[in-house]
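*Asks:* what would the 3D arrangement of this be:
(chains A and B)
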Amino acid sequence: MNLSRKWLNEFVRVDVPDREFAEAMTLSGSKVEGTTDLGAEISNVVVGRILSMEKHPNSDHMWVCQVDVGAEEPVQIVTGAWNIHEGDLVPVAKDNSYLPGGVHITRGNLRGIKSKGMLCSLRELNLDERDFPYGVITAAALLNDYHPIDPDKPSIPADVQPGHKIYGPVVAASVEGVKSAGNGRWTCVLTYNHKDGPTGAIVTTLCQNLHAGDMVAFNTSTAAICTLADLHAEQREFPHCIPDGIFVLQEDGIAPGDDIKPVINADDRVVEFEITPNRPDCLSVIGLAREAAATFGKPLRLHEPVVRGGAEGSLAELLDVETPDADLVPRYTARMVRNVKIGPSPKWMRERLRAMGVRPISNIVDITNYVMLEYGQPMHAFDYRYVNGGKIIVRRAAEGEELTTLDGKVHTLTHDHLVIADEGRAVGLAGIMGGLNSEIVADTADVVFESACFDGTCIRKGALALGMRTEASAKFEKGLDPLNTLPAVNRACELVEMLGAGEVVDGVIDILNNVPQPTVLKLEPDKINALLGTDVSRDEMVRILEKLDFTVDGDQVTVPSWRGDVRRMADLAEEVARFHGYNNIPVTLMRGQTTQGGYSPAQKLENKLGELCRTCGYDEIITYSFISPTAYDRIGWSKDCAMRNSFKILNPLGEDTSIMRTTTLPSMLEILARNWSYRNRNVKLYELGRIYLPGGENGLANESKVLTLGAYGEDMDFFAFKGAIEAVLKGIRAVDVRFETASSDTWGDSVAPYHPGRVAAVFSGSDCLGFIGQIHPNVAKNYGVDGELYCAELSFDELALAQGPDAEYVSLPKYPSVDRDIAVVCDEAVTVGRLEETIKKGAKGLLKHVELFDIYRGPGIAPGKKSVAFSLTLRADDRSLTGEEADQDVKSILEALEKDCGAVLR
Amino acid sequence: MREQLAKIRAAALSAFEGAQSKVDLDALRVQYLGKKGELTAVLKQMGRLSAEERPAMGQLANEVRAALESALDTASKKLEEAALEHKLKAEAVDVTIPGKAPAIGHRHPMYIALDEMKEIFIGMGFTVLDGPEIELGELNFDRLNAEPGHPSRDWSDTFYFDEDERVMLRSQTSPMQVRAMDSMPLPIRIIAPGRVYRKDEVDATHSPMFHQVEGMVIDKGVTMADLKGTLNAVIKKMYGENTQTRFRPHHFPFTEPSCEVDVQCHKCGGAGCPTCKGEGWIELLGAGMIHPHVLEMAGIDPEVYSGWAFGFGLERTAMRRFKIDDLRLIFENDVRFLEQF
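*Replies:* Residues are numbered from 1 along each chain as shown, chains lettered A, B, ... in the order given. Sure thing, here's the model as predicted:
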């Protein structure tokens, strides 16, 4: 919501600087987003009077002007514009002045002539003809500016003389003199040769580019000076006869030297407010004025509209209104204006509209916008002649009913839309936009002003369905005050009379379907203070509430009709707090029963896992929970994979973020691939993220967490990656950890994303924690990576179960150990894991540690076989071990290896 | 003999001192103190002395031996020290050559900020709650005073899983307030960080998924002054003791009175600059006293209990904490970004 501070001052006089105003309003609850000084970009621009004009000696189109800018000496300014005359008042950007857009004007030399500034056009002041309708420039076609398109075939001869025929009744004529006729018109003396000798004419014209000595095309039959359009000429044929030029001021009470800013309303400041949805009353100048008055302790001066009325005819006979869908139309108020004279609205109204960001259009339309800004009540004006049968019906649209709105768009409506209709057809979309078929146009004679209160939800849904949220619908959807419709329509009629834009018909059509009773609350100062932690006196509370137009009678508080947001004690407490000042509420610490804060065991495990991953060199990532459905294809899951069953967002931002992931792998792969594409060389990542599996309580998801690791790089291979997983598992003291070859026969799609020969299922006891492996080259390729990617997915719930108990001290060995190295030869198919298991099984209680130290294939070892070497540590807890005892155990181990694995000592 | 001893002593001491190596020194030891050494040779002449002379001469000879042995020892130590010094000199390294650091992984900056916040609240007796992201519309909206028709329920703003708007992606962490009220005994002090989802296109300040931290206290006699005190304490811990805060009125459906809390701009100290859009203050979080109707819906009597709640955006907090200027970096996960923290 924008607010002109000049307009605000009509209702409450607040003269503090902008920053102070913004701060105070923000702290009382009307958040200021920023303040725009409309004249911030303009400086050193004044009103000037053109004293004299001479043709530039070195140019065929420039003028050298002497301009009175209120100083002792006139200043000389060169201009290329042709629409000015001696005596004109114009905006002058003096030497070292600034114009909108950061344009800096300084003195200069134009073809050898000194120029100490610039005369300004409307556009150079960031204005246009809508702001100053009299600033429209009409250009005559000056024959002395004629440039034929084809020099060999000119339409007008180069030596054309006054009296030469151009075509039909149009002859060349010489301008002898020009004089202002007021109101933007000029009286022009022309001479030309007639067949009977020299003759002349005195014509009044709108063309502003005429000066003594010019030659024009004069239509002797209409006594008019021809424009380019009259001659059907192209602009390039008359390059300097353009509908543009200097903004010639027609304002009263201005004099050379005056600052231009007040003249063009650039001395106003516009404050932008963020109005919260509970305060639609503040979407108006009056609403904000009420807040400002309370904030600054200044009186609020409201105005009661007065309508003279008296136009011919009876409203009851002219207009009838029906509201069959009464629940959607709490109130419908309308008045009529006859003998309307459509024209521009006055300067003060245009300025206010413009300051608030609304483009002036015509008096009647401007009045509706003005009242909407002032009262916060959307208004609509429509042309009575298109209301067939003189009857307005506010009804739900028929399914498929069509309506073209004012913006020219055709809409197909549904039963959920509310329309303003006559007996036969819709003429407007209620609360959103009027219909093109009843638009106010130049020849509109009779106007209906509608000031209604529609159901907020209905308007919001209707606007949303059509994708056309308008200023009006944005107001209605928040729920407006039904008591505001009548003052608003009266204000509109008052303005019509004030502007002389028409005659108001006596009487008002006012249908009240649902105007609620005022809310009455009990004033409970103790409870308010108890909630706020304050010690505000009852008197101050009453003072605050009364400033806001609440009525206090004893302990009864009557809430004003526009404050639908105030419903109970807490709401009154907020009003008190706002104006007592939030920053005057004391600062106390929590009291009462203390509570024990802390992390749950699961949260502690999360923290622990993260720490371990980081210790292993893995960086933490955060990825989106939603993925593309094609992600499941990219990771190689079969089409009928049950894990594809995902929560689907019905209104996703896009296909790429449309389903809730049931696996974290695509997210990790995407991030690995992104880093790969950035040429980051060694990348190690982890995320503790959720997956969203259907089948949770209450139709919700089962949101399980997964610890996902991913890596690639020069120092990365299966075993480096596995080492990190082992370290993490060891760090949480996971018990009985095993890695098993994971074939797709057993694990199906779970291992489909992985290299079939380089993937393991991770076990703790009999529970599978997840998978670890190299990503299948095809899957990596799907993500644009032609290198080895490694990933692991470990279920957080399983990790929590696998977590071992806290450490318990085991006494340090008192006796020395004996080391024995063995190397056995076995089939390739026998895994190291199996050999280790067998060694542990075969030992007779002395084996404390077994460690792989070499695998050898090559000369000396038969093809299809491998030699695997282990280092064994044997020790007894109660004595020094003898070599013989150790050898006994090793022998037993070797026997077991041979028996169970077919592995023989090398 | 006396002269002989004195001569040996002088010669030996000078020779020991001049020895250049352990080998030289060993040779000198043999030369003077060995079985066939010079001192031994002199001592062998003791027999020729008279009985009166013998004890005095013997004593002198022993003194000389002791002096030689001591000098030998000193010389030996000196040589050892010199040798060590030489060795150490040879072992000198260029300490400016980079070390071989083990790679340590990095916590995501947003979670660093979250961890700091959690620690502060845990210290104040808060429990950290975790809850579902796929949530019931009832808990995300109805139970928080956002009735059907409330703009935040629009399909243009919120992600839904069914046409009835029953199941949705939570648009705020506030349903955790309701979950806590429904499941925990009073008094309650919780924070609930987590992911939330809104239908915003990705840009430098928006993301369809982001994080909030919800906080709530319910007890008898809880006041807005308590809310101010607690949040002030937390903000000072997060942003420094000298941080200035400002509470200003705002509106949320589930709190009344509601407020937003600003901190004084760190760049300009409140004077107004581009960072704070000239206001001198930067918005930090939203808070308020829990709406009595929200308490009533949870079966808590607002005449007996009151409470306050707050919520703030974690991304923004982390971005301010680490001066990150583009939200997309948070979810891009470029290791060159991650490894800065």
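*Asks:* what sits against A:R820?
*Replies:* The neighbours of A:R820, taking C-beta atoms under 8 Å, 6 or more residues apart in numbering or on different chains as the test, are A:871-872, A:874, A:886-887, A:890. Heads up, the C-betas are built off the backbone N, CA and C, glycines and all.
*Asks:* cool, B:E135 as well?
*Replies:* Residues in contact with B:E135, defined by C-beta under 8 Å, 6+ apart, are A:700, B:167-170, B:175.
*Asks:* are any of the contacts of A:R820 buried, and if so which?
*Replies:* Neighbour counting over these (16 or more other C-beta atoms under 10 Å in any protein chain shown) leaves A:872, A:874, A:886, A:890 as the buried ones.
*Asks:* which two from these end up farthest apart in space?
*Replies:* Every pair in these was compared (C-beta to C-beta); the two farthest apart turn out to be A:L872 and A:A886, at 8.6 Å.
*Asks:* so how far is A:P262 from A:G253?
*Replies:* As judged by C-beta to C-beta, to the nearest Å, A:G253 and A:P262 stand 10 Å apart.
*Asks:* nope, A:F796 is what I meant
*Replies:* Computed with C-beta to C-beta, the distance linking A:F796 and A:P262 is 70 Å.
*Asks:* let's verify the residue nearest the centre of chain B: helix, strand, or coil?
*Replies:* Within chain B, one residue has its C-alpha closest to the average C-alpha position: by C-alpha atoms, centre = their mean, that is B:I112, at 9.8 Å. Under the three-state scheme (DSSP: H, G, I helix; E, B strand; the rest coil), B:I112 adopts helix.
*Asks:* in strands, which of the buried ones among the contacts of A:R820 fall?
*Replies:* A:872, A:874 (DSSP state E).
*Asks:* just to revisit the earlier point, which one of A:G253 and A:P262 has more residues nearby?
*Replies:* Higher neighbour count among A:G253 and A:P262: A:P262, with 13 against 6, using other C-beta atoms under 10 Å in any protein chain shown.
*Asks:* I'd guess that one is in a helix, am I close?
*Replies:* Yes - the secondary structure assignment for A:P262 places it in a helix, going by three-state DSSP.
*Asks:* what about the helices in chain B?
*Replies:* Secondary structure of chain B, counting by DSSP state H: helices at B:2-18, B:22-33, B:38-43, B:53-90, B:109-123, B:137-140, B:175-183, B:224-239, B:292-297, B:314-322, B:328-332, B:335-338.
*Asks:* tell me which of the ones you listed sits nearest to B:D162.
*Replies:* Each of the helices of chain B was checked against B:D162 via C-beta to C-beta, and the shortest separation belongs to helix B:137-140, namely 9.1 Å.
*Asks:* contacts for that closest one next, please.
*Replies:* B:146, B:153, B:158, B:160, B:165-168, B:170-172, B:174-175, B:178-179.
*Asks:* what residues does the stretch 301-450 of chain A have near chain B?
*Replies:* If contact is defined as C-beta under 8 Å from any C-beta of the partner chain, none of the residues of the stretch 301-450 of chain A are in contact with chain B.
*Asks:* now the farthest one out in the chain, which residue is it?
*Replies:* Because you didn't say which chain, this covers chain A. For chain A, the C-alpha lying farthest from the average C-alpha position belongs to A:E884; by C-alpha atoms, centre = their mean, that distance is 83.9 Å.
*Asks:* nope, chain B
*Replies:* Among residues of chain B, the one most distant from the C-alpha centroid is B:S50; the distance is 85.7 Å, by C-alpha atoms, centre = their mean.
*Asks:* from chain A, how far out is it?
*Replies:* From B:S50 across to chain A, the span is 65 Å (C-beta to the nearest C-beta, to the nearest Å).
*Asks:* picking up where we left off before, filter the contacts of helix B:137-140 down to the buried ones.
*Replies:* By the neighbour-count criterion of 16+ other C-beta under 10 Å, the contacts of helix B:137-140 include these buried positions: B:146, B:153, B:158, B:160, B:165, B:167-168, B:170-172, B:174-175, B:178-179.
*Asks:* can I get those in JSON lines with pLDDT?
*Replies:* Written out in JSON lines, the entries for the buried ones among the contacts of helix B:137-140 read as follows (pLDDT from 0 to 100):
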{"residue": "B:A146", "pLDDT": "92"}
{"residue": "B:R153", "pLDDT": "90"}
{"residue": "B:T158", "pLDDT": "96"}
{"residue": "B:Y160", "pLDDT": "97"}
{"residue": "B:E165", "pLDDT": "94"}
{"residue": "B:V167", "pLDDT": "97"}
{"residue": "B:M168", "pLDDT": "97"}
{"residue": "B:R170", "pLDDT": "97"}
{"residue": "B:S171", "pLDDT": "97"}
{"residue": "B:Q172", "pLDDT": "97"}
{"residue": "B:S174", "pLDDT": "97"}
{"residue": "B:P175", "pLDDT": "97"}
{"residue": "B:V178", "pLDDT": "97"}
{"residue": "B:R179", "pLDDT": "97"}
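*Asks:* can you list the residues you listed in TSV and add distance to B:E332?
*Replies:* As requested, the buried ones among the contacts of helix B:137-140 are exported to TSV (distance: C-beta to C-beta, whole Å):
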residue	distance to B:E332
B:A146	33
B:R153	31
B:T158	25
B:Y160	28
B:E165	32
B:V167	30
B:M168	27
B:R170	24
B:S171	24
B:Q172	24
B:S174	28
B:P175	29
B:V178	34
B:R179	32
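*Asks:* which among these are in contact with chain A?
*Replies:* When the buried ones among the contacts of helix B:137-140 are checked against chain A using C-beta under 8 Å from any C-beta, the ones in range are B:160, B:167.
*Asks:* closest one to A:R385 out of the buried ones among the contacts of helix B:137-140, please.
*Replies:* Within the buried ones among the contacts of helix B:137-140, proximity to A:R385 (C-beta to C-beta) peaks at B:R153, which comes in at 42.4 Å.
*Asks:* hang on, that closest one packs against B:D164?
*Replies:* No - under the criterion of C-beta atoms under 8 Å, B:R153 is not in contact with B:D164, lying 11.9 Å apart.
*Asks:* so how far is B:E201 from the closest residue to B:R2 other than its chain neighbours?
*Replies:* Once flanking residues are discounted, B:R2 sits nearest to B:L60: 6.8 Å by C-beta to C-beta, 6 or more residues apart in numbering or on different chains. Using C-beta to C-beta, B:L60 is found at 107 Å from B:E201.
*Asks:* who has more neighbours, these two?
*Replies:* A direct count of neighbours by other C-beta under 10 Å for B:L60 and B:E201 places B:L60 higher, at 15 against 9.
*Asks:* for chain B, give me its nearest residue in chain A.
*Replies:* Of chain A, the residue with the smallest distance to chain B, taken as C-beta to the nearest C-beta, is A:G533 at 2.7 Å.
*Asks:* perfect, I'm done here.
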